[in-house]
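[1] Starting from these lines, generate the structure:
(chains A, B, C and D)
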2 protein chains.
Amino acid sequence: MIEDTDRLRAEARAEILKALAHPTRVYIVDLIQREGPYCVCQLTERIGADTSTVSRHLTVLKSAGILKDRKEGTTVYYSLGCDCINDFMTGLESLLRARHLRDTRRFDAVIQR
Amino acid sequence: MIEDTDRLRAEARAEILKALAHPTRVYIVDLIQREGPYCVCQLTERIGADTSTVSRHLTVLKSAGILKDRKEGTTVYYSLGCDCINDFMTGLESLLRARHLRDTRRFDAVIQR
DNA sequence: TGCATTATTGGTCATTTAACCAATTACGCC
DNA sequence: GGCGTAATTGGTTAAATGACCAATAATGCA
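    Numbers count the residues shown, from 1 in each chain, chains lettered A, B, ... in the order given. Purely as a prediction, here's the structure:
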């Protein structure tokens, strides 16, 4: 059986990962990372989903500490919760590249025979 | 609307993240990362779930390229799919630390008043 | 005050996920 | 061949997720 400390540790990590594990949420984080803070209506327009849907995605990201918000009148701006998001996404990128490389090699191997 | 390239990019990233977004799967990856390859029955014993459940988790991780497997008789050993997993998990760790720091500060702020 | 805009929350419903048990496959050994 | 062990796959069910519409704040302005 898993020890309590290990279990809690795994749950904490999974919680963060779950918050990011959706195409729309990855897109939002990527966008804000590259271009700075965005408000809900701007994101809604970009994404092309219902405002409520986007708002809920943002709530998920905020709860996980990945984004933070700042009110300005009636609009709410979302920005990165911390700089370490950048490193994290870089790590994800290299994981993706490694996977792509492996797939390509496997594809080549199939072709060659 | 999101451009096709951006959408596909977000989906590919989310796919990787989804594969890791479960406490048991995070635990498995962490364990293998620290102690090397494990077979299904060893993992099953450690985790305390049904063999089929563990096997399915491993399939998810393998499909995402996070783990790879190697057969040896009737047992199947799972190991890391690539070294970059280490960097990725390090990034996740610092994200978690940042979050914890922020939570702690907020808690302190509440206590102090 | 009345109205428009921005965002969040309640409600519903379809899809996905993940658990278990049971059945099957694959291999090694007697 | 028959048996035991290891792992995967089929089937079912409960829970979680995510989408939309509708309703409700909350704010700014005429």
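
[2] Please count neighbours and contacts with C-alpha atoms only from this point.
    Will do.

[3] in chain A, what spans have low per-residue confidence?
    When residues are selected by pLDDT under 70, those of chain A lie in A:106-113.

[4] any idea which helix is longest in it?
    Across chain A, the longest stretch assigned as helix under DSSP state H is helix A:84-112.

[5] which strands and helices sit next to it?
    Applying 3 or more Cα pairs under 8 Å, 6 or more residues apart in numbering or on different chains; DSSP states H and E, one finds that helix A:84-112 contacts helix B:4-20, helix B:84-112.

[6] how about it: buried residues?
    In terms of neighbour count (16 or more other Cα atoms under 10 Å in any protein chain shown), helix A:84-112 has its buried residues at A:84-89, A:91-93, A:95-96, A:98-99.

[7] got the angle for that helix vs helix B:84-112?
    Calculated by axes from the mean of the first three to the mean of the last three Cα atoms, to 10 degrees, helix A:84-112 forms an angle of 160 degrees with helix B:84-112.

[8] and the gap between A:Ile16 and DNA strand D?
    Counting by Cα to the nearest atom of the strand, to the nearest Å, the gap from A:Ile16 to DNA strand D is 11 Å.

[9] And the contacts of stretch A:59-68?
    A:15-16, A:19-20, A:25, A:29, A:58, A:69, A:78-82, A:85, B:99 (Cα atoms under 8 Å, 6 or more residues apart in numbering or on different chains).

[10] Generate a PyMOL selection restricted to the buried subset of those residues.
    A single PyMOL command suffices to select whichever of these are buried according to 16+ other Cα under 10 Å:
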select buried, (chain A and resi 15+16+19+20+25+29+58+69+78+79+80+81+85) or (chain B and resi 99)
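
[11] domain parsing for chain A?
    Per the record, chain A has its domains at A:4-81, A:83-113, by automatic domain parsing.

[12] could these be laid out in CSV, adding distance to B:Asp50?
    As requested, those are exported to CSV (distance: least, Cα to Cα, whole Å):
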stretch, distance to B:Asp50
domain A:4-81, 17
domain A:83-113, 29
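
[13] does A:Thr44 count as helix, strand or coil?
    helix (DSSP: H, G, I helix; E, B strand; the rest coil).

[14] Give me the number of neighbouring residues for the closest residue to it other than its chain neighbours.
    Ranked by Cα to Cα, 6 or more residues apart in numbering or on different chains and with sequence neighbours excluded, the top spatial neighbour of A:Thr44 is A:Thr51, at 5.7 Å. Residue crowding around A:Thr51 was assessed by other Cα atoms under 10 Å in any protein chain shown; the count is 16.
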